[in-house]
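In: Provided below are the primary sequence and the corresponding predicted coordinates.
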Amino acid sequence: MSDPLIDHFLELSTGKATFAVGQHIFNQGDAITWLHLMQAGTVHLVRHQADGNVAILQRASPGTVIAEASVFSSRYHCDALAVTASEALIIPVNSVRRLLRSDCVFAETWASYLSHQLQQARKRAEIASLKTVAARLNAWLAWNDGLLPPKGEWKNLANEIGVSPEALYRELAKGGKFFFA
């Protein structure tokens with residue numbers, strides 16, 4: 001997220017909220033009164049499917065806004081669930097709406113943030129469309145200058161490309177040309 005957007009959100013924030021693993025931040029159908037800027041942890045936006053499966057719509061990590069697309073909605077269309085202990089700044093959504101109408105610089109900064117989030121979503125969708133672990137890993141590497149994250153972050157990488165950690169570890173063990181950050 002850009003520094004100017006964080007600066008604006010820090011000014012608008014009315015405090016912090018902490019969430020335990022498994023805690024709901026909001027539920028589908030709740031009125032939208034707050035935006036949450038992630039400070040620590042991971043929160044997933046989830047939608048429960050008719051067949052019982054869960055679709056993850058967003059994996060929010062530090063520096064991202066949870067459900068940023070909800071700024072102009074009246075009710076949430078999904079649930080937000082803390083998958084790790086998490087902390088977020090809370091920002092009244094009406095303050096953000098007011099600033100979007102009155103401050104061109106903020107509106108441009110917000111549009112830039114949304115554009116970046118859209119690019120990331122398209123990247124994840126493209127990677128998820130690939131059939132094999134090798135193809136997904138190679139696509140991820142192509143988007144990330146060919147560098148793997150440090151070993152302690154491989155589980156997060158597996159989650160990001162939509163494979164089990166074990167499948168990723170097996171692929172990495174095959175000894176391809178990987179470069180570590």
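Out: Now that the structure is in, tell me what you want to look at.

In: residue boundaries of the strands in the chain?
Out: In the chain, the strands defined using DSSP state E lie at 15-19, 24-26, 34-40, 43-48, 54-60, 65-66, 79-82, 86-92, 147-148, 179-180.

In: pLDDT of stretch 37-47, averaged?
Out: For stretch 37-47, mean pLDDT is 93.

In: domain ranges for the protein?
Out: If you go by automatic domain parsing, the domain ranges for the chain are 3-103, 130-180.

In: now the longest helix seen in the chain: buried residues?
Out: In the chain, with assignment by DSSP state H, the single longest helix is helix 104-128. By 16 or more other CB atoms under 10 Å, the buried positions in helix 104-128 come out as 106, 109-110, 113, 117, 123-124, 127. C-beta: built from backbone N, CA, C; applies to glycine.

In: same deal with stretch 126-141?
Out: Buried residues in stretch 126-141, counting neighbours by 16+ other CB under 10 Å, are found at 127, 130, 133, 136-141.

In: turn these into JSON lines, including pLDDT and distance to residue 41.
Out: Listed next are the buried residues of stretch 126-141 as JSON lines, based on pLDDT from 0 to 100; distance: CB to CB, whole Å:
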{"residue": "127", "pLDDT": "91", "distance to residue 41": "23"}
{"residue": "130", "pLDDT": "93", "distance to residue 41": "28"}
{"residue": "133", "pLDDT": "93", "distance to residue 41": "27"}
{"residue": "136", "pLDDT": "93", "distance to residue 41": "25"}
{"residue": "137", "pLDDT": "92", "distance to residue 41": "25"}
{"residue": "138", "pLDDT": "89", "distance to residue 41": "29"}
{"residue": "139", "pLDDT": "91", "distance to residue 41": "27"}
{"residue": "140", "pLDDT": "90", "distance to residue 41": "22"}
{"residue": "141", "pLDDT": "90", "distance to residue 41": "26"}
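
In: now, the residues you listed that are in helices?
Out: Among these, the members falling in helices (DSSP H) are 127, 133, 136-141.

In: tell me which two of those sit farthest apart.
Out: 133 and 141 (12.3 Å; CB to CB).

In: just to revisit the earlier point, which one, of the strands of the chain, ends up nearest to residue 173?
Out: Residue 173 lies closest to strand 147-148 among those, at 12.9 Å (CB to CB).

In: partner strands of the closest one, parallel or antiparallel?
Out: Its sheet considered, strand 147-148 pairs with strand 179-180 (parallel) by DSSP bridges.

In: which residue sits closest to residue 97, ignoring its sequence neighbours?
Out: residue 71 (6.6 Å; CB to CB, 6 or more residues apart in numbering).

In: could you do residue 54 as well?
Out: Distance criterion CB to CB, 6+ apart; nearest residue to residue 54, sequence neighbours excluded, is residue 46 at 5.0 Å.
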